[in-house]
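Peer 1: No sequence on hand, only this structure:
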Ligand SMILES: NC(=O)c1ccc[n+]([C@@H]2O[C@H](COP(=O)([O-])OP(=O)(O)OC[C@H]3O[C@@H](n4cnc5c(N)ncnc54)[C@H](O)[C@@H]3O)[C@@H](O)[C@H]2O)c1
């Protein structure tokens, strides 16, 4: 690879990339960005929409797998299908995530368990199940979708903030333990990104107030996150592991 060829460094031809929660929002933008670079996508999500999107992506051989990553055994089943149908895995993007909003003193037990099961346990089990395939690909990458909520407090987000902070801890340990297998593990921490999840959580005045606290004065777009995921997953970023790339328009620096 020529040291200064962006085309070569960002080329994903022949690479298999799995995106959880790939049927909408940021996950869909990530899938589109990888497909544009020639990757073969595996989209994992709870609904049949992953099949439809996999068919609609540019390029051939994309796969949709319906699975609930919060259910024990489902990440392993999904990875068995990847092995069988694709024979390899180069990149895992742990993107699926959920939230519930309530003041901490009133936070519901079921909501807490559900959020931890998807955002944290599901992501860990996906990484653990992906490990042998990523190791065998000779340079696998994991990109964990954390959030600015991992490092700063957001009102009514106690379970969400806790789960995303946990994700950074997990990123550190996996990066340290799996570097010797050639696997790089990183996190991305966006501010509010204009998706379904965000439109619900940040509707009305609460959203306008949030924008006033972001030095850039606006929310991020899904494409701005997707391009960073592609960079962190491609050959140009091979020396980066354990990093948390903050994409927050300056929210956490003030
Ligand atoms: N939108 C934001 O403002 C924002 C900001 C920072 C971080 N994030 C993170 O980015 C990621 C994507 O968020 P988004 O805004 O695109 O949300 P979204 O709700 O549009 O998409 C989340 C996806 O995850 C899937 N999903 C949820 N639970 C699942 C499960 N148990 N098994 C499989 N798939 C499941 C959903 O079906 C959906 O496709 C999340 O991890 C979120 O926490 C979002």
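Peer 2: Received, thanks. Given the structure is predicted, the values throughout are model-derived calculations rather than measurements. Numbering: from 1, shown residues only.

Peer 1: drop to CA atoms for contacts and neighbour counts, all remaining ones
Peer 2: OK.

Peer 1: Show me which residues of the protein sit near the ligand.
Peer 2: Proximity of the chain to the ligand (C-alpha under 6 Å from any ligand atom) is limited to residues 20-27, 45-46, 67-70, 95-98, 118, 145-147, 190-198.

Peer 1: What about the nearest residue to residue 120 once chain neighbours are set aside, how many residues nearby?
Peer 2: Spatially, and ignoring its direct neighbours in sequence, residue 120 is nearest to residue 163 (5.7 Å; C-alpha to C-alpha, 6 or more residues apart in numbering). Neighbour count for residue 163, taken as other C-alpha atoms under 10 Å: 27.

Peer 1: what are the ranges of the strands in the stretch 101-250 of the chain?
Peer 2: Along the stretch 101-250 of the chain, counting by DSSP state E, counting those that start in this stretch, strands occupy 141-145, 184-190, 244-247.

Peer 1: Can you say which of those strands is packed in most?
Peer 2: Most buried of those by mean neighbour count (mean count of other C-alpha atoms under 10 Å) is strand 141-145; its value is a mean of 28.

Peer 1: hmm, back to that, mind putting the strands of the stretch 101-250 of the chain into a markdown table with distance to residue 63?
Peer 2: Listed next are these as a markdown table, based on distance: least, C-alpha to C-alpha, whole Å:
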| stretch | distance to residue 63 |
| --- | --- |
| strand 141-145 | 19 |
| strand 184-190 | 23 |
| strand 244-247 | 28 |
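
Peer 1: Save those as JSON lines, and put in distance to residue 82 and mean pLDDT too.
Peer 2: Shown next, in JSON lines, are the strands of the stretch 101-250 of the chain (distance: least, C-alpha to C-alpha, whole Å; pLDDT from 0 to 100):
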{"stretch": "strand 141-145", "distance to residue 82": "16", "mean pLDDT": "98"}
{"stretch": "strand 184-190", "distance to residue 82": "20", "mean pLDDT": "98"}
{"stretch": "strand 244-247", "distance to residue 82": "27", "mean pLDDT": "98"}
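
Peer 1: from the stretch 151-254 of the chain, which residue is nearest to the ligand?
Peer 2: Nearest to the ligand, among the residues of the stretch 151-254 of the chain, is residue 192, at 3.3 Å (C-alpha to the nearest ligand atom).

Peer 1: Could you list the low-confidence segments of this structure?
Peer 2: In the predicted model of the chain, residues 1-2 satisfy pLDDT under 70.

Peer 1: Contacts for the longest helix out of those in it next, please.
Peer 2: Counting by DSSP state H, the longest helix found in the chain is helix 158-178. Residues from elsewhere that reach helix 158-178 (C-alpha atoms under 8 Å, 6 or more residues apart in numbering): 98-100, 102-104, 107, 112, 115-116, 119-120, 124, 144, 146-147, 149-154, 183-187, 241-244.

Peer 1: returning to what we had before: buried among the residues of the chain next to the ligand? Make that a ChimeraX selection.
Peer 2: Restricted to buried positions by 16 or more other C-alpha atoms under 10 Å, the ChimeraX selection for the residues of the chain next to the ligand reads:
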select :20,21,22,23,24,25,26,27,45,46,67,68,69,70,95,96,97,98,118,145,146,147,190,191,192,193,194,197,198
